[in-house]
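Participant: the following block contains a protein sequence and its predicted model.
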Amino acid sequence: MKLRNFALAAAALALPCAAIIAGSGPSGAVTTPVVFAGTLSGNLSGSITISPAITLATPSTVPIKFATHVTDSSLVASKGLTQKGVTITAAKGSSVVMAPVGTDCLTLQTSGLPSGVITTKYTTTGGLAAATKFKPGMTTVTTNPTTGVITAVLGGTGTTTTGSFKNGATGSAASTATLILDATATQLATACSSATGLTSIKFTGVHGHSTFTFG
């Protein structure tokens, strides 16, 4: 199987595509969101749920939903997590993309899926923080030849970042995310070939922390 291409498609789902998880601010706080300046970095973990499951070579008869949920942790902001009286205490994001009828694992290997934007929203105190919208320009995937561990780097030329931590008038191409998938290349192939098919792709730190930088 062309697992490198499959991993690229999986990684592309991990961050791209339009999505929103609502942040929260305290009652009575200023409701105009603060656009945070500088950069934000940290660890991330999450999963992609595939519904219904896809298999190696049986095209789907319905559209396939890929839903990603990401939690950011160990947050570090170059200009502080408190700006203009608002403090960021947590960050979460999600993405949803629909693949067309006829999708299977081979489709992901050969064609991938369209990339888009992830919107990360923040849990705050003292007010609201403007969401960050990150659209990677490309994805580079490597598979360790010994362990089969898959690492995907999202970012590079064409990347845009808007909202908080855009770090520039038109957003920063320096924004990036590095995903280390839990499943090895062999495990992904096995899941695709199984009777139940591939139902999820996770990046929860089994082989090391996944990381991100906005701005």
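Facilitator: Here it is on my side, so go on.
Participant: skipping adjacent residues, who's closest to F214 in space?
Facilitator: Leaving aside its sequence neighbours, F214 sits nearest to F165 (Cβ to Cβ, 6 or more residues apart in numbering; 3.9 Å). Heads up, the C-betas are built off the backbone N, CA and C, glycines and all.
Participant: residues near that neighbour, how many?
Facilitator: 28 (other Cβ atoms under 10 Å).
Participant: which helix or strand contains it?
Facilitator: For F165, there is no helix or strand it lies in under DSSP states H and E.
Participant: tell me who's in contact with it.
Facilitator: Going by Cβ atoms under 8 Å, 6 or more residues apart in numbering, F165 touches 36-40, 77, 132, 175, 214-215.
Participant: just the pLDDT at it, thanks.
Facilitator: We have a pLDDT of 96 for F165.
Participant: so which of the contacts of F165 sit within helices?
Facilitator: Among the contacts of F165, DSSP state H puts none in helices.
Participant: hey, where'd the strands end up in this protein?
Facilitator: Secondary structure of the chain (DSSP state E): strands located at 30-34, 40-54, 64-77, 82-83, 86-99, 118-125, 127-129, 132-135, 138-143, 150-155, 160-163, 176-180, 198-203, 210-214.
Participant: I'd like the contacts of F165 as CSV, with neighbour count and pLDDT appended.
Facilitator: Converted to CSV, the contacts of F165 look like this (neighbours: other Cβ atoms under 10 Å; pLDDT from 0 to 100):
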residue, neighbour count, pLDDT
F36, 29, 97
A37, 16, 95
G38, 15, 94
T39, 19, 95
L40, 26, 97
A77, 20, 97
T132, 27, 94
S175, 28, 92
F214, 28, 95
G215, 23, 90
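Participant: in CSV: these, plus distance to T140.
Facilitator: As requested, the contacts of F165 are exported to CSV (distance: Cβ to Cβ, whole Å):
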residue, distance to T140
F36, 28
A37, 28
G38, 26
T39, 21
L40, 22
A77, 26
T132, 22
S175, 15
F214, 19
G215, 20
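Participant: tell me the one of those residues nearest N144?
Facilitator: Among those, S175 lies closest to N144 (Cβ to Cβ), at 25.1 Å.
Participant: my read: the closest one touches G137, true?
Facilitator: No - S175 is beyond contact range of G137, at 9.5 Å (criterion: Cβ atoms under 8 Å).
Participant: overlap in contacts, these two.
Facilitator: With Cβ under 8 Å, 6+ apart, S175 and G137 have common neighbours 155, 159.
Participant: what's the most buried one of the strands of the chain?
Facilitator: strand 132-135 (a mean of 25; mean count of other Cβ atoms under 10 Å).
Participant: so what strands line up beside that strand?
Facilitator: strand 118-125 (antiparallel), strand 160-163 (antiparallel) (DSSP bridges).
Participant: who wins for proximity to L198 among these?
Facilitator: Taking Cβ to Cβ, strand 118-125 is the member of the strands paired with strand 132-135 nearest to L198, at 21.3 Å.
Participant: what angle separates that closest one from strand 30-34?
Facilitator: 130 degrees (axes from the mean of the first three to the mean of the last three Cα atoms, to 10 degrees).
Participant: ok, the nearest residue to V86 once chain neighbours are set aside to S78 distance?
Facilitator: With sequence-adjacent residues excluded and distances taken as Cβ to Cβ, 6+ apart, V86 is closest to G127, at 4.1 Å. Going from G127 to S78 by Cβ to Cβ, to the nearest Å gives 20 Å.
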